[in-house]
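> Need coordinates for the following:
(one chain, ligands or ions: 1)
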Amino acid sequence: MKIEVFPCSDFSLNIAEIAPDKSISHRSVMFSMLASGTSEITNFLRAEDTLNSLEIVRKLGAKITDDGVTIKISSDGIKESSDVLDCGNSGTGMRLFCGLLSSAEGHFILNGDEYLRRRPMKRVTAPLINIGAKLDGRNNGDLAPLSIRGASLKSFDYESKIASAQVKSAMILAALRADGVCTYTEPELSRDHTERMLQGMGATIKVDGLKTTISPMKELLSPLIIRVPADPSSAFFFAVAAAITPNSHVLLEGVTLNETRIEAFKALERMGANIIYEVTQNKYEPIGNISVKYAPLKAITVEYNISWLIDELPALSIAFACAEGVSSVKNAQELRVKESDRIATVVSGLSACGILVTEYEDGYSVKGGVLSSATIDSHGDHRIAMSFMIAGLNCGMNVEDVACVYTSFPNFFELLQKITRVEFK
Ligand code: S3P
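The predicted model follows:
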């Protein structure tokens with residue numbers, strides 16, 4: 001599936017239909033399996049990645065009812081599945097299920113699409129194997145398909161070298177069933193939805209700076225009752241749209257304002273965009289509205305708290321291309337192992353649009369200039385596809401292989417068409 005995006009004129013838009021948060025949606029269905037009683041999830045993200053997680057939970061024996069508004073999940077323990085568990089394109093799905101299943105009774109196979117089967121899994125399989133999990137996969141346990149035989153897990157004190165919420169979450173899920181109190185320390189705080197949601201369900205998890213202490217579950221947790229907020233990573237595409245289009249404004253409603261998730265908005269603010277945050281509620285996390293208004297943008301360097309804006313860097317790079325001066329991204333080697341090698345895909349995409357870009361092992365620099373229309377290959381990466389469609393608002397763009405957008409943001413095209421004309425090819 002291909003699309004041509006035509007340049008837009010100024011716009012003013014309130015968006016209440018940003019896709020629900022992907023990280024929280026995955027977790028909501030997985031964590032329901034640790035509760036006694038029925039969990040209730042509304043505003044679940046009905047996109048390919050998260051529907052795959054819901055399907056896996058069903059295959060693991062959970063009883064699920066779904067009236068199209070509320071998904072109710074109850075479970076009387078994780079059951080062996082006669083089928084392969086397909087995580088599709090989702091690294092979050094695969095890595096968190098490794099943690100959840102490594103102590104479950106039975107044998108499980110996790111698989112994914114051609115992109116996920118190329119992504120590194122050793123970051124979770126190695127520490128899990130170290131505490132007694134029986135996990136294996138191609139390339140010495142690094143690549144899916146992965147096999148898991150549930151086992152008893154030993155308590156641990158693990159110091160992770162990477163700031164990854166996926167690794168942290170997998171280890172927290174394992175710790176809940178380990179034989180003693182566990183600690184997990186990370187080099188930089190990564191998104192903390194797992195800790196917040198499990199604490200809300202009654203788990204004993206203490207966070208002290210970068211160190212998380214987890215006590216094993218003595219009994220099942222309380223059910224999760226949650227309305228999933230909008231995803232700031234999805235909202236950010238429209239924030240960039242407003243920030244690069246003179247006289248434009250967007251109000252993004254009902255977004256999680258968790259500080260580990262809105263760093264890209266802070267970066268855009270540093271570049272000069274007018275941004276206002278308004279907290280309207282607080283359940284598990286602060287939630288509210290983000291208003292973004294155009295202003296001329298200037299270059300910045302992004303080098304700290306990278307995990308807080310890792311998913312937004314492709315879209316932020318479109319803003320860099322429209323700013324005055326040279327912007328840089330440093331310490332972002334994790335970008336190389338996302339849905340695509342996002343350093344390579346951002347650099348080649350912006351270069352195709354006539355922007356001067358320099359690639360480094362851990363990032364890139366972008367000299368702001370005039371974007372030109374080009375044909376961009378998404379490499380099957382939803383965030384690359386959406387970022388260059390947003391660039392198209394400025395100069396027109398053909399983007400190829402855009403069906404990947406359905407992994408995280410099924411109504412993206414609909415919202416884009418509120419701003420500009422597009423043609424599907
Ligand atoms: C996620 C964590 C991040 C992020 C991904 C979702 C999560 O990955 O890039 O899109 O839900 O835990 P890492 O934990 O690998 O940094």
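
> So residue 385 sits against residue 398, correct?
No: Residue 385 is beyond contact range of residue 398, at 11.5 Å (criterion: C-beta atoms under 8 Å). All C-beta atoms are positioned from the backbone trio N, CA, C, and that covers glycine.

> Neighbour count for these two, which is higher?
In this view residue 385 and residue 398 are compared by other C-beta atoms under 10 Å, and residue 385 has more residues nearby, 31 against 18.

> And the strands in the stretch 201-350 of the chain?
For the stretch 201-350 of the chain, strands defined by DSSP state E, counting those that start in this stretch occupy the ranges 205-208, 211-214, 225-227, 249-256, 274-283, 285-293, 301-302, 326-329.

> ok, now the stretch 51-200 of the chain?
Secondary structure of the stretch 51-200 of the chain by DSSP E, counting those that start in this stretch: the strands cover 63-66, 70-74, 85-86, 107-111, 134-137, 143-149, 157-159, 182-185.

> Return the alpha-carbon coordinates of the first one using CSV.
Once side chains and other backbone atoms are set aside, the C-alpha atoms of strand 63-66 remain, and they are given as CSV (Å, rounded to 0.1, in the frame of the first residue of the first chain):
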residue,chain,number,x,y,z
LYS,A,63,-11.8,-15.8,29.3
ILE,A,64,-12.4,-12.6,27.3
THR,A,65,-15.6,-10.8,26.5
ASP,A,66,-15.6,-7.7,24.3
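
> Near the ligand, which residues of the chain are found?
23, 92, 164-166, 169, 190-191, 307, 310-311, 334 (C-beta under 6 Å from any ligand atom).

> Just among the residues you listed, which is most surrounded?
Neighbour counts for the residues of the chain next to the ligand, by other C-beta under 10 Å, peak at residue 169, which reaches 31 neighbours.

> still on that earlier bit, export the strands of the stretch 201-350 of the chain to CSV and append columns for mean neighbour count.
As requested, these are exported to CSV (neighbours: other C-beta atoms under 10 Å):
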stretch, mean neighbour count
strand 205-208, 14
strand 211-214, 19
strand 225-227, 19
strand 249-256, 22
strand 274-283, 13
strand 285-293, 20
strand 301-302, 19
strand 326-329, 21
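
> closest to residue 97 out of the ones you listed?
When the strands of the stretch 201-350 of the chain are compared by C-beta to C-beta, strand 211-214 sits nearest residue 97, at 18.0 Å.

> neighbouring strands for the closest one, and are they parallel or not?
Counting by DSSP bridges, the strands paired with strand 211-214 are strand 182-185 (antiparallel), strand 205-208 (antiparallel).

> pLDDT on the first one, on average?
Across strand 182-185, the average pLDDT comes to 98.

> what's in contact with that strand?
Strand 182-185 has contacts (C-beta atoms under 8 Å, 6 or more residues apart in numbering) with 155-160, 168, 171-172, 174-175, 210-214, 216.

> Mind listing what's buried along it?
For strand 182-185, the neighbour count (16 or more other C-beta atoms under 10 Å) marks 182-184 as buried.

> Nearest to residue 34, out of the residues you listed: which one, please.
For these, the nearest to residue 34 is residue 182 (15.6 Å; C-beta to C-beta).

> tell me the contacts of the closest residue to the closest one other than its chain neighbours?
The shortest distance from residue 182 to any non-neighbouring residue, by C-beta to C-beta, 6 or more residues apart in numbering, is to residue 175 (3.8 Å). Listed by C-beta under 8 Å, 6+ apart, the contact partners of residue 175 are 153, 155-156, 182, 184, 214, 216.

> Ok, residue 211 next?
Counting by C-beta under 8 Å, 6+ apart, residue 211 touches 183-185.

> excluding its backbone neighbours, what's nearest residue 65?
Nearest non-adjacent residue to residue 65, counting by C-beta to C-beta, 6+ apart: residue 72, 4.7 Å away.
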